[in-house]
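1. Got a predicted structure here, sequence first:
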Amino acid sequence: MEKPDLYVVARFLDILYRNGSAMKRTNIQMLLGLNYPRFAEYLEWLLNHHLVAQTTDEEDVIKIALTPKGTDAYHRLVLWIKETMEGLKI
Amino acid sequence: MSLTPDSNLQADILSSLNAIIDIAQRWSIYLRRRQSRVRVAKALLTGTLVFLTSAAIMVASILTQYSPEYFDQNRSFLLTILGSVALVGVISGGVSYHLLGRRQDTRLEELSDLVQRMNNNNENRNTAESALSLAEKILGLLPELVRKKDQDALLFGIVAFNLTIILARSPGIAVVVGIAVWLYFRYESNTIYDREITKLEERRKIFEQQKKDFIETL
């Protein structure tokens, strides 16, 4: 994927950050409201950028969690939006 | 892999999201007030324009048929006519205010709803995605609220026409002066409007670019 939509990336990070623990892929996909191919593209992009990581639990279920880089990206995103809002003038 | 970000970071994220909601709430109130003021200003201008245009037509038609002494000889009749014209102006202003109120801006409603939902933390809406959407909605709404002052220019033109017809007592000169004043203020208000819109559009483009840049930094 060349140009991911910042809204989808933000939603992805939102879901994982709010959940606080690793989540099943299907649960994330449902909360994101994306079809599977699109979800897979975004997941791959986030994995490639080390924003999320894939783990396998004791029941062999693949789960996705936010990495420290992902948490930092979420933090930066929120700060950037805040700064943008503070700088709005008419 | 850290699943539980440190508490300072969590507190900072939460306080930033709350700050975003506060800013958006202030913007929502400001935009609503501004919309309401624009509505009142437009209604007042419409009423004044109707009154002054009718008065100007009346004065011009009297001057083309009678001598200027007609105004002194028929003062009470003219005052009655002027009163009726003023009443028509007031009614036009009221109708204009009512009609402008019916045209609700759905984007402003959406912004208020989103702020409300984020404030109540409904459906976990207090998120970065919602915050991003708030910023985008506000940036999209700002150009809509820059008032195009076409009516103001027309009002100045009519005032100039009225003053000239009273002072010069010549409809021809009054028409020329009125049109000149109207065109000048129209040009000025259009220039100011274009400048403001360009500035806000530029701000929106910068925001779009910043979104792309942010993705690049990830």
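-> Structure's in. What do you need?
2. the helices in chain B, which residues?
-> B:7-65, B:70-73, B:75-102, B:106-120, B:128-141, B:150-168, B:171-217 (DSSP state H).
3. Now residue B:181. Nearest residue, chain neighbours left out?
-> In this structure, residue B:181 finds its nearest non-sequential neighbour in residue B:160, 3.8 Å apart by Cβ to Cβ, 6 or more residues apart in numbering or on different chains. Every C-beta, even on glycine, is put in place using the N, C-alpha and C of the backbone.
4. Which residues are in contact with the one you found?
-> B:177-178, B:180-182 (Cβ atoms under 8 Å, 6 or more residues apart in numbering or on different chains).
5. Out of those residues, the closest to chain A would be?
-> Ranked by distance to chain A (Cβ to the nearest Cβ), the contacts of residue B:160 are led by residue B:182 at 27.2 Å.
6. Once you drop chain neighbours, what's closest to that closest one?
-> residue B:157 (2.7 Å).
7. now swap in residue A:50 and tell me
-> Closest residue in space to residue A:50, ignoring its immediate chain neighbours: residue A:69 at 5.1 Å, by Cβ to Cβ, 6+ apart.
8. residue ranges with poor pLDDT in chain B?
-> The model of chain B has pLDDT under 70 over residues B:1-5, B:103-105, B:121-126, B:147.
9. for chain A, what are the nearby residues on it?
-> B:1-5, B:9, B:12-13, B:16-17, B:19-20, B:23-24, B:27, B:124, B:127-129, B:131-135, B:138-139, B:142, B:145-146, B:200, B:203, B:207, B:210-212, B:214-215, B:217-218 (Cβ under 8 Å from any Cβ of the partner chain).
10. So residue A:54: helix, strand or coil?
-> Classification of residue A:54 using DSSP: H, G, I helix; E, B strand; the rest coil returns strand.
11. Distance of residue B:151 relative to residue B:32?
-> Distance, residue B:151 to residue B:32, by Cβ to Cβ, to the nearest Å: 22 Å.
12. Who has more neighbours out of these two?
-> Applying other Cβ atoms under 10 Å in any protein chain shown to residue B:151 and residue B:32 shows that residue B:151 carries more neighbours, namely 18 against 15.
13. what's the distance between the more buried one and residue A:36?
-> From residue B:151 to residue A:36 the distance is 55 Å (Cβ to Cβ).
14. again, but for residue B:114
-> To residue A:36, residue B:114 is 29 Å away according to Cβ to Cβ.
15. Between the two, tell me which one has more neighbours.
-> Using other Cβ under 10 Å as the criterion, residue B:114 and residue A:36 rank with residue B:114 on top: 19 against 10.
16. okay but the more buried one is in contact with residue B:135, surely?
-> No - counting by Cβ atoms under 8 Å, residue B:114 sits too far from residue B:135 to count as a contact (11.0 Å).
17. got the contact list for the residue nearest to residue A:50?
-> Counting by Cβ under 8 Å, 6+ apart, the residues that residue A:69 touches are A:49-51.
18. quick one on the thing from earlier: which two among the contacts of residue B:160 are spaced furthest apart?
-> B:177 and B:182 (9.5 Å; Cβ to Cβ).
19. List the buried residues in stretch B:137-147.
-> B:137-139, B:141-143, B:145-147 (16 or more other Cβ atoms under 10 Å in any protein chain shown).
20. now swap in stretch B:149-160 and tell me
-> Applying 16+ other Cβ under 10 Å to stretch B:149-160 flags B:149, B:151-160 as buried.
21. Tell me the one of those residues nearest residue B:101?
-> residue B:151 (17.2 Å).
22. The closest one - nearest residue in space that isn't next to it in sequence?
-> Excluding its sequence neighbours, the residue lying closest to residue B:151 (Cβ to Cβ, 6+ apart) is residue B:45, at 4.4 Å.
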